[in-house]
Each structure stands twice: as structure tokens, then as C-alpha cells.
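**Student:** Here is a sequence together with a model predicted from it:
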Amino acid sequence: MMNFPRSFKKLLPLWFSFLVICACAGCGEAPAQHQAPDTLEAFHEDGVTIGIIDGYIFEEVVESTLPYAQRKLFDDRESAYRALLTGQVDGVADDEATIRAMMRSTDAFSVVDGYLFPSDYGFVFPKNNQGETMSVQMSALLQSMRDNGAMAALDEKWFGNDSSVKVSEDASSLPDLNGTITIAYDPESIPFCYVSAGQPTGYEIDLLIDFCREYGYKPVFLDTSFQNMMNGVAYGQYDAGCGGITITEKRAENHLFSAPDYSGGISLCISSGEMAVEADTAGNDPGRHFRAAFLEDKRYLVFLTGILVTIAITGLSAFFGTPLAVLFFYLSNRTPILIRQITKGFLWIMQGIPAVMLIMMLYYTWYRDMYGGGFLCALVAFTILFAVEWQRVINRYAKAVAEGRLLRDYRTEAVDTKKFFGILHKKRGALLREDFADRLCLLLKASSLVGYISVTDLTRAFERIRMESFETTLPLIVTTIVYFVLIKLICLVFQRKG
């Protein structure tokens, strides 16, 4: 995994700056006509709508504490808070710490006094022997940090107003003394866990790094959805999970919790009505959009990483897939009949499996717990698929040479493999190069599927930038241009010489 410098300038990715601009520019739907509630008592009235971010316990809490309020579900925080600013909902239920983190980066939001549900937050571990050991170790560390004042300093760092100190250490250099552990985290749980400059960052990330240093673990952080994190820890696919996880009796049935690392609660976020002064003109400022999409929090590093991963998987898959295609061709033509039939059966199966399904099957069956497993399983999957398609091309052109004479001679061993490919290249070399370029372009496009397995490919980089900056158009255009340029370069390199 590539390591880049981390941002020392921002508290968080400033996800919501674009929301403020949209609101000032008049984007979105018209605001609600009734008086927006601003106290907990006002939210008990009929006709109030509360935005619920799906996958957490917010819906359950709102249903029990505000039974008369209407609830509107959203897939992510971006959608929920956009709806709040455009008047589609009157408030959004969220962790108070997350709301206050947003309030430090924009004046567009405020928090309603009082908790809907006071709660403690902790780390989760699987219910097995290792999980029990780690849970006890984490609880002991938290108590020690409270006693020596380290926890108070950490609270000030992440919940205070000095954004320059809000950066986490790079944990990749920690020694592997007692094994490597896989830690899943929810990247939307600011300030507990989030991503800055492509690196895991936050209050609980700092605690986990201290935990690994104290007990000799080497951490591998994987960002995923909250629900996938909870399910993965419960089934033992991850060794630990974090992301502002509320400790509840129901969750404790399937997870082991550490002692609480933070006490707070679920509150309601409302629109403050305060907008940035420059918002009226910033909406059409290309420079502002570029800074938000690529420069703030060094998001260009995420984008560059995505480009490198995409190129690496494409190039390496073609590099290893080409000789593998030759091997498949050999096995299906010049070996005993049993081996030929097995090879042809394998090729037939591979031709019918979608790339995304093969990637996910390999990942969740073998590669998930490996360091760099996402990259490796993508490389294996695309190498196989490229080889399967490339051997079909070889077979097709071999049949076309002298009405199939070349292929028949090869099968009867009238020509050896080296001579066969020499003749094939002499007869169909230009067409083979064009077909190779076509297959390489298809491989490059297909590599956008790598994001399904938590690898930062080019498409995944665009998604992350969109979620962090609320900029959609510019990153999408740049991503499309990068793919276009790469494909045209491939065509230029392998173009037929006239």
C-alpha cells in the first residue's frame, strides 16, 4: 500500500462546504413553509420530518422518542444533510460529536440542546478467544490513559477547535510482534473515524494505533460501511471495528465491547440559516471547485493513487495473462484428451462468469484477510479473464490461416509451439496487435470494478472525493478524461502500421 503525507490543515474533509454553496445559490428544492423547530419539544409536534441515516440505530431511537414525527430514510450522511439544507426535512438524527464536528467547519448547521438518547461508544470485537483478549486489553489501555491524562489530551485534540492538530499517525510502520489484525472502520463517523489524504484518521484511529503499539499488533485498516463492519466483526472476518459505535444490549448479543472510549449521545441537527458570505459568487468559481475537489485535504493524492492502482492492475494482468493464454491454448490443443476437456471446461466456465462476481468470490473466499488482498485478488481475477479471452483470439486467428491448416498442424505436432506462433505472427501480426489493444482497453475499463473490494482504483477515488468534498461534476469529468487518455494511448501504441 502506498503511503502519502497527511494533511495538517483541516479537521475533516469539509464534506459540507458544497452544501452551503448550493443552498445560497438556490439549488435543490424549496424550503419547507412551516416554522422550523429548534427545540426538542417542538420536534414532538405533528408534521415534523426527521432525516434518518440508514444502517445505524437512529431510526429506532427516533421512533421511540419522537413517535409523532415523520421519518425519511437516506442512504448516507451526504443525502441526509443535503435534504436538511434544502428544506426536505426539519432535522437529522446523528451523533452529537459528528454534528459538532460539522459545525466547526461550516455555520450552516446547529445542534438542538439535549439528547434523544444518551449513550456510550466503544470498540467491537468478535465473540471468540482473540476477541475476548483484545477487548480486555483495550479496556485496560483506556483506563490507563484516563489515569495518566492521555485521554484528556486526546479529547482536546479531536473535540477541540484547533484543526491543525487533527491528524493521525501512519500506522504502517508499527512492528508485527504479536500478529497482524484487521480493523474495519466506518469512514463517515467524523471525528471518530474518517479518511484524510487517503489515510485513516480520527479519535478512535489514534486510540487503536496506541493499542497496537502497546500490545505489539500490526494493524491493517479497512474502510467499509457501518453495517458491513458490524456484520464482519460478528462473523470473525474482522478482528476489530470502530466508528462511534453506540453500546447497546442488542449489539452485545453478537459482539464484545470494550469499555467506553467516549460518552455522548444522539442529537438532532438543524439548519442554522447562517450561510457563508462569499457563497453567492463562489458557486460559479471554477477555482473554488477545483480546490475543494483536489487540493483541500490533499485529495489529489487519493486521485493519483487511484490512477496508479488502475494502471498497475491493467498492466500486470496483461503481462501475466498473455503467457497464461498461451498455456491455455497449449492445454486445450496438444495434451491428452482428458486434460484438453478439463481445460476447455474451465475456459467455458470462466467465459460465463461476470468479472465483478469472480473478483468478489476470490476476495471473500481467499484474499479478504490478506494484507493487500484486494489488489491481489483483482490481479488474479483479471489475469485469468484476460487470458481466457486472449486464447480465444489466438484460436480464432489460427483457424483463419490457410483455412485452418496451421491449427491442424499444431494439433498433430507437425509444428512446435514456437514455430506455430512465429507463423501466426507473420500471417496475422497486425490484426493480433489491434485485438490485443482492444482487449487491453476492455481490461482497463473493467478495472473500475476493483472498488467493490475496498481497493482505491480510479473510480473509487472519484466516489471518495465526491463524498468528502460534495463536488461531483469536476471529479467526474477529470476521471472520464483520464480513462479516455489512457485508452487512446493504448490504441496509439498498438495501432496497425499502414
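**Tutor:** Received it, and whenever you're ready, just let me know what you need. Quick caveat: nothing in here was measured; it's all calculated off a predicted structure.
**Student:** Reduced to three states, what does Asn178 come out as?
**Tutor:** Three-state call for Asn178 (DSSP: H, G, I helix; E, B strand; the rest coil): coil.
**Student:** residue contacts, it?
**Tutor:** Tyr215, Gly216, Tyr217 (Cβ atoms under 8 Å, 6 or more residues apart in numbering). From N, CA and C alone the C-beta is placed, and that goes for glycine too.
**Student:** wait, which of those is closest to Tyr81?
**Tutor:** Tyr217 (35.4 Å; Cβ to Cβ).
**Student:** what separates the closest one from Glu204, distance-wise?
**Tutor:** 15 Å (Cβ to Cβ, to the nearest Å).
**Student:** more neighbours, these two?
**Tutor:** Glu204 (29 against 25; other Cβ atoms under 10 Å).
**Student:** Is the residue lying closest to Arg411 once chain neighbours are set aside within a helix or a strand, and which one?
**Tutor:** Once flanking residues are discounted, Arg411 sits nearest to Asn333: 5.3 Å by Cβ to Cβ, 6 or more residues apart in numbering. Secondary structure from DSSP states H and E places Asn333 outside every helix and strand.
**Student:** Next, work out how far apart Asn333 and Leu431 are.
**Tutor:** For Asn333, the distance to Leu431 - Cβ to Cβ - is 20 Å.
**Student:** the more surrounded of the two?
**Tutor:** Asn333 (19 against 14).
**Student:** Cys377 versus the more buried one, what's the distance?
**Tutor:** Using Cβ to Cβ, one gets 29 Å for the distance from Asn333 to Cys377.
**Student:** any residues touching stretch 480-496, and which ones?
**Tutor:** So stretch 480-496 is in contact with 307, 310-311, 430-431, 433-434, 436-437, 440-441, 444-445, 458, going by Cβ under 8 Å, 6+ apart.
**Student:** Tell me where the model's unsure across the stretch 151-300 of the chain.
**Tutor:** Within the stretch 151-300 of the chain, the ranges that satisfy pLDDT under 70 run 197-198, 274-285, 297.
**Student:** what are the ranges of the strands in this protein?
**Tutor:** Taking DSSP state E as the criterion, the chain carries its strands at 49-53, 70-74, 91-95, 109-111, 117-125, 180-185, 188-189, 193-196, 199-201, 218-223, 240-246, 256-257, 262-271.
**Student:** mean confidence for the fifth one?
**Tutor:** This points to strand 117-125. Within the predicted structure, the mean pLDDT of strand 117-125 is 95.
**Student:** Restricting to C-alpha, output that strand in CSV.
**Tutor:** What follows is strand 117-125, C-alpha atoms only, in CSV (Å, rounded to 0.1, in the frame of the first residue of the first chain):
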residue,chain,number,x,y,z
PHE,A,117,-30.6,9.1,23.5
PRO,A,118,-27.6,9.4,25.8
SER,A,119,-25.0,6.7,25.0
ASP,A,120,-21.5,5.4,25.4
TYR,A,121,-19.3,4.5,22.5
GLY,A,122,-16.8,1.7,22.3
PHE,A,123,-14.8,-0.7,20.1
VAL,A,124,-16.3,-4.0,18.9
PHE,A,125,-14.6,-7.4,18.8
